[in-house]
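Undergrad: sequence and predicted structure, then a few things I'm wondering about:
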Amino acid sequence: MYRLLRAPFLPVTYSRWLHLCVPLLLLAIWMFINPAWPWVPLLIVIPFGFVPWVRLAEGLQAQFLLTPDERDSADSGISAAPSKRWSDRWRTLLWLEIRLAVSGAAMFATVTLPLASVELVARALGHTPAGDPAIWFAPPRWAAALLAPVPLIVLLVVVVLLGEVITRIARRLLGPSAAERLTALEARTEQLLERTRIARELHDSIGHALTVAVVQAGAARAVGDPAFTDRALSAIEETGRAALEDLERVLMVLRESAQQPSQRPTLVEADRLLESARASGSAVDAQLTGPLESLPGPVTREGYRILQEALTNVLRHCGPVPVRVRVEMAAGRLDLEVTNPLPQRPAVAVGGGSGLRGMRERAALLGGDAQTGPYEGGWRVHARLPLERIR
């Protein structure tokens, strides 16, 4: 009841009424041609149901007039795409037939009910309408005055109900097919994966730069040696520049710029990470074996990020402790291992534990795995990334 009382004040009521009245043009033209066969328009629209672009036009019209509040939503229940399969064409044909039938009912109500109100007003004023009466009884003048608004109220109820009916039918017949829903789901999944990847990139790159800067600044202040302070500032500058390059590349992706972003760093540039860790005070024992420049792109890029995050965690949680790094190309896979001792008084950690989860996610996306945890009295990050499936 509340919806009926609110309906006259909702724009969607009148947009749905307009949608019901659009097919009346075809019906009205045919009624002038041959009113004895009112069902012929149902045959006329049959060929149009098999035209792919008719479904697109009907979908757009339904979105704008039946569900205007949802037309900008990705979860709209009405599709705006041409027919791609015969099932879509048959659904479009059924939609056209039902729409004509519902519009015929709307035309009858739109014409007869206002005429009934006009006749009741005329009878209330003491006039007898000429021609065929719109109502089947002749009420007294006082009753006609009371009944005059009733046909208009009934018209409003009919319009609201027919609008609800045609909207539900449109969702059923013009809604996205299973293939369209799958395509939309795949696009949404790709978008979410890209956002997750960008978040990991920002976390690894900016987190590493900030960690190195904090450790270097703290060490320089504690040592009080001008030469060490100069080296620390140089390391902070170099790490900051690299982080700015990564940030610029990510922002280009977010802005959908046509300009090609700079290449993501690879394991060939691992020396930059190792020198950054050494400049922070850590004694880094690194052993990189194998032709790293021949690694597949996804492996070398994700391997760089895993190494970066592992070194960042060492500096963040343990401070400038000795670090052992092993990167080796084994049979069909890349092994990456970072180990370090655990100090008796760990450094204060900044941030949460998303770095370990990010390393495992990166390895899993390539079909590999990453293990993190205590190892022989210290801490170890061990990642195994397959090569054959990536190639």
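TA: Good, I have the coordinates.

Undergrad: okay, helices next: where are they in the stretch 151-300 of the chain?
TA: 178-223, 226-254, 270-279, 297-317 (DSSP state H, counting those that start in this stretch).

Undergrad: tell me the secondary structure at the residue of the chain positioned farthest from its centre.
TA: The C-alpha centroid of the chain is most remote from Gly126, which lies 64.3 Å away (Cα atoms, centre = their mean). Under DSSP: H, G, I helix; E, B strand; the rest coil, the three-state class of Gly126 is coil.

Undergrad: ok, it touching Ala144?
TA: No. Using Cβ atoms under 8 Å, Gly126 makes no contact with Ala144, being 9.6 Å away. Where you see a C-beta, it was placed from the backbone N, CA and C, and this is true even at glycine.

Undergrad: what touches both of these two?
TA: Jointly contacting Gly126 and Ala144 under the rule Cβ atoms under 8 Å, 6 or more residues apart in numbering is no residue at all.

Undergrad: helix or strand: which one has the nearest residue to Ser177 once chain neighbours are set aside?
TA: Excluding the flanking residues, the one nearest Ser177 by Cβ to Cβ, 6 or more residues apart in numbering is Asp88, at 5.8 Å. Secondary structure from DSSP states H and E places Asp88 in helix 86-124.

Undergrad: burial of the closest residue to Arg264 other than its chain neighbours, as a residue count?
TA: For Arg264, ignoring the flanking residues on the chain, the nearest one in space by Cβ to Cβ, 6+ apart is Arg301 at 4.9 Å. Using other Cβ atoms under 10 Å, the number of residues around Arg301 comes to 19.

Undergrad: from Ala199, how far out is Arg301?
TA: 16 Å (Cβ to Cβ, to the nearest Å).

Undergrad: next: Ala232.
TA: 29 Å.

Undergrad: same deal with Pro298?
TA: Counting by Cβ to Cβ, the gap from Pro298 to Ala199 is 18 Å.

Undergrad: do Asp369 as well
TA: Distance from Asp369 to Ala199, by Cβ to Cβ: 21 Å.

Undergrad: again with Arg333
TA: The gap separating Arg333 from Ala199 is 27 Å, by Cβ to Cβ.

Undergrad: also Leu115?
TA: 65 Å.

Undergrad: who's more crowded, these two?
TA: Leu115 (16 against 13).

Undergrad: hmm, back to that, can you put the helices of the stretch 151-300 of the chain in CSV and add mean pLDDT and distance to Glu328?
TA: Formatted as CSV, the helices of the stretch 151-300 of the chain follow (pLDDT from 0 to 100; distance: least, Cβ to Cβ, whole Å):
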stretch, mean pLDDT, distance to Glu328
helix 178-223, 69, 22
helix 226-254, 72, 25
helix 270-279, 84, 13
helix 297-317, 86, 11
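
Undergrad: check those for me and report the most buried one.
TA: Among the helices of the stretch 151-300 of the chain, ranked by average contacts under mean count of other Cβ atoms under 10 Å, first place goes to helix 297-317 (a mean of 23).

Undergrad: what's the following helix or strand after it?
TA: strand 323-330.

Undergrad: dump that following strand to PDB, restricted to CA.
TA: Listed next in PDB are the C-alpha coordinates belonging to strand 323-330 (Å, rounded to 0.1, in the frame of the first residue of the first chain):
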ATOM      1  CA  VAL A 323      72.300 -12.400   5.800                       C
ATOM      2  CA  ARG A 324      72.900 -15.300   3.500                       C
ATOM      3  CA  VAL A 325      71.400 -15.200   0.100                       C
ATOM      4  CA  ARG A 326      71.300 -18.100  -2.400                       C
ATOM      5  CA  VAL A 327      69.700 -17.800  -5.900                       C
ATOM      6  CA  GLU A 328      70.200 -20.900  -8.000                       C
ATOM      7  CA  MET A 329      68.700 -22.200 -11.200                       C
ATOM      8  CA  ALA A 330      68.100 -25.900 -10.600                       C
END
